[in-house]
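In: How does the following fold in three dimensions:
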Amino acid sequence: MKKRYLLLLLCIPLLVTGCKHEPVLVDGKEVVVELNGKQFTAEEFYDELKKNSGTGVLINLVNNYITEQELTDEMRDEAKKEAESELETYKIYYRDNFNSLLLQYGYSSEKDFLADIENSYKQNLVLEKYLENDVIKEEDIQEYYNDNIYGEATVRHILIKPDVTDDMTDTEKKDAKAKALEEATNLINQLKESENLETDFANLAKEKSDDIGTASQGGLLENITNETDLIKEFWEATLKLNVGEMTLEAVETEYGYHIIYKVSQKEKPALDSVKDKVIDGIIEELLSKSNSSLIYWAGLREKYNMVIHDEVIEDSYNSTMKLYKK
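Out: Numbers count the residues shown, from 1 in each chain. Modelled structure (predicted):
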């Protein structure tokens, strides 16, 4: 019994290390599987994989290699922290269904899921590093600064909301909007006669504005820029005003009709003081375009002098990248 047990133990390493005999054909090709006398070789298996998913698998290997070369310790720490935070968000959102979610997407454990999230963050950070160092030029930075960076403004505003409900007809909704516009226009005409515009504007905002978040402060919105979470039409109207002026026509947004008074306008900050923010803004713009991350990853692979020696995969890769770059 002891000998049989010892023999069993000696066989286990053969199974674990793959030392068992692999059938080989006369021409040296390794057989992967056989049935009813039909043998499928490793070469056939590889050729089929190439046609179906070989390009994606290969590029993923390449991207992972590049990622590991480019990552700094700081980037690794950031990716780890962000991934752990995102995992917790998933767990809170899905609660008791979280394990089912993992199984649905083919993850055998939470650890595997976390590793994929972390790898995604790593690749994003590496791509952003490539854009900053190799794609974005000084003239791009200057142009973005000129077009998108503004000094902070402080304004007051009065919002008149149309009294609209979902069950109204289109005609009723149109009439409600017309009534709100008329009210806003009447307030503008009233303010035009003011001899102390800001004071009167603030008082009217407290009395008439439908923006409950600012009405009690006289409609005050402090230190706003184009990066503040404001409606585009509101910011554009603010830009056109000089300090001490108000809009002479109501500004329509999805919330209703606004009257805006500009209290102050700070000077535009120097480029050096906002350069990191400018670069972040450019990166966000670049990556917001369709297929942009795929295209820029191709550029990063070119930087690493990637050469594909397999014709099938090379043709597939070139065709795919040509399609993305259209």
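In: Okay, strands next: where are they in the protein?
Out: For the chain, the strands defined by DSSP state E cover 31-35, 38-41, 153-160, 220-224, 251-253, 256-265.
In: Tell me the strands beside the first one, with direction?
Out: When you say that, I think you mean strand 31-35. Sheet partners assigned to strand 31-35 using DSSP bridges are listed as strand 38-41 (antiparallel).
In: The fourth one too?
Out: Each strand paired with strand 220-224, and its direction, by DSSP bridges: strand 153-160 (antiparallel).
In: which intervals of this structure have sub-threshold pLDDT?
Out: Applying pLDDT under 70 to the chain flags the ranges 1-28.
In: Output the strands of the chain in JSON lines, with mean neighbour count and distance to residue 195 appended to each entry.
Out: Glycine gets a C-beta too; all of them are placed from N, C-alpha and C. Shown next, in JSON lines, are these (neighbours: other C-beta atoms under 10 Å; distance: least, C-beta to C-beta, whole Å):
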{"stretch": "strand 31-35", "mean neighbour count": "12", "distance to residue 195": "91"}
{"stretch": "strand 38-41", "mean neighbour count": "14", "distance to residue 195": "93"}
{"stretch": "strand 153-160", "mean neighbour count": "25", "distance to residue 195": "17"}
{"stretch": "strand 220-224", "mean neighbour count": "16", "distance to residue 195": "21"}
{"stretch": "strand 251-253", "mean neighbour count": "17", "distance to residue 195": "24"}
{"stretch": "strand 256-265", "mean neighbour count": "22", "distance to residue 195": "15"}
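In: need the contact list for residue 260.
Out: The neighbours of residue 260, taking C-beta atoms under 8 Å, 6 or more residues apart in numbering as the test, are 155, 156, 157, 234, 237, 238, 241, 246, 247, 251.
In: related to what we said a few turns ago, Throw the strands of the chain into JSON lines and include distance to residue 98, thanks.
Out: Supplementary listing: the strands of the chain in JSON lines, determined by distance: least, C-beta to C-beta, whole Å:
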{"stretch": "strand 31-35", "distance to residue 98": "37"}
{"stretch": "strand 38-41", "distance to residue 98": "39"}
{"stretch": "strand 153-160", "distance to residue 98": "42"}
{"stretch": "strand 220-224", "distance to residue 98": "40"}
{"stretch": "strand 251-253", "distance to residue 98": "39"}
{"stretch": "strand 256-265", "distance to residue 98": "41"}
